[in-house]
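1. With the input below, show me the fold.
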Amino acid sequence: MRLNFKGAFDALLRFGKHPHDSDLPVSMVLLLGESDFLTLEQLRSSAERAFRMPFSVSKASIKNPNVADSQYCVIQAVFFTLMKVGPHTLSFLNYTKPYGEDDLGRDFGESLPLESQRRAWFQHKAWTAVDYSKRGTDPERRYAVLARLCTEMVNRNCLGVYLPRERRLIPNDGSLLQELHRIASVGDRGAAQAVN
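-> Residues are numbered from 1 along each chain as shown. Got it, this is the predicted structure:
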């Protein structure tokens with residue numbers, strides 16, 4: 001199996017772009033109250049619950065990126081964390097500052113219509129981005145894959161999920177899991193066929 005390190009690296013570089021850029025990846029950003037990131041084992045467990053498949057965990061080296069022996073695995077190589085879900089490749093980025101503080105900042109937070117959205121935006125201190133690293137699949141399918149996984153990643157530390165490409169913030173106010181399930185179901189038929 002060949003991992004898409006170039007795609008993951010390109011995705012990391014795109015996170016600095018202005019949010020109106022149409023080239024933003026299909027991504028879900030978990031806004032976190034504290035810098036408490038999921039471990040490789042926790043990501044593996046989340047993936048197994050989300051996709052009902054066994055996943056392996058590997059530490060790869062840049063010299064040997066083909067170390068993973070499974071279509072269903074979580075790989076850490078240097079500062080990259082990648083997940084292979086059948087034909088889908090996801091990359092993860094953890095950051096210990098508020099998301100978009102330089103690009104979006106206070107104006108964006110104040111423009112959010114719901115108090116629970118504003119609270120999530122202003123109270124989060126860290127974030128984890130889950131980025132769909134491949135192109136070509138329609139956005140609904142990509143969002144379905146991300147939503148299935150993020151549903152299992154959400155915990156009490158997650159204040160909300162931000163979709164950069166859509167400029168949409170879903171607060172963790174009791175509606176988040178329901179909305180992630182809805183997003184997953186919209187494109188889930190094709191995504192499930194590709195995964196299972």
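
2. And the pLDDT for the residue nearest to the spatial centre of the chain?
-> Centroid check for the chain by CA atoms, centre = their mean gives residue 130 as the closest residue, at 1.6 Å. pLDDT, residue 130: 97.

3. Against residue 133, how distant is the residue lying closest to it once chain neighbours are set aside?
-> Leaving out its chain neighbours, the residue that sits closest to residue 130 by CB to CB, 6 or more residues apart in numbering is residue 28, at 5.1 Å. Just so you know, the C-beta spots here come from the backbone N, C-alpha and C atoms, and that holds for glycine as well. When distance is defined by CB to CB, to the nearest Å, residue 28 is 13 Å away from residue 133.

4. Likewise for residue 110?
-> Distance from residue 110 to residue 133, by CB to CB: 33 Å.

5. just residue 167 next, same as before
-> Residue 167 sits 21 Å away from residue 133, going by CB to CB.

6. Of these two, which one has the most company?
-> Ranked by neighbour count (other CB atoms under 10 Å), residue 167 and residue 133 place residue 133 first, with 24 against 13.

7. didn't the more buried one look like it was pressed against residue 89?
-> Yes - using CB atoms under 8 Å, residue 133 is in contact with residue 89, at 4.4 Å.

8. Counting neighbours, what do you get for residue 180?
-> Residues lying near residue 180 (other CB under 10 Å) number 23.

9. actually residue 75, not the one I typed
-> Neighbours of residue 75 (other CB under 10 Å): 24.

10. same thing with residue 97?
-> Counted with other CB under 10 Å, residues neighbouring residue 97 total 12.

11. For it, what are phi and psi?
-> phi -130, psi 160 (degrees, to the nearest 10).

12. tell me the contacts of it?
-> Each residue near residue 97 by CB atoms under 8 Å, 6 or more residues apart in numbering is listed here: 125, 126.

13. let's see 10 Å
-> Neighbour list for residue 97: 35, 124, 125, 126, 127 [criterion: CB atoms under 10 Å, 6 or more residues apart in numbering].

14. List buried residues within those.
-> Neighbour-count burial (16 or more other CB atoms under 10 Å) applied to the contacts of residue 97 gives 124, 125, 126, 127.

15. give me the beta-bridge partners of the last one?
-> The one in question is residue 127. Here residue 127 shows beta-bridge partners residue 31, residue 95, assigned using DSSP bridges.
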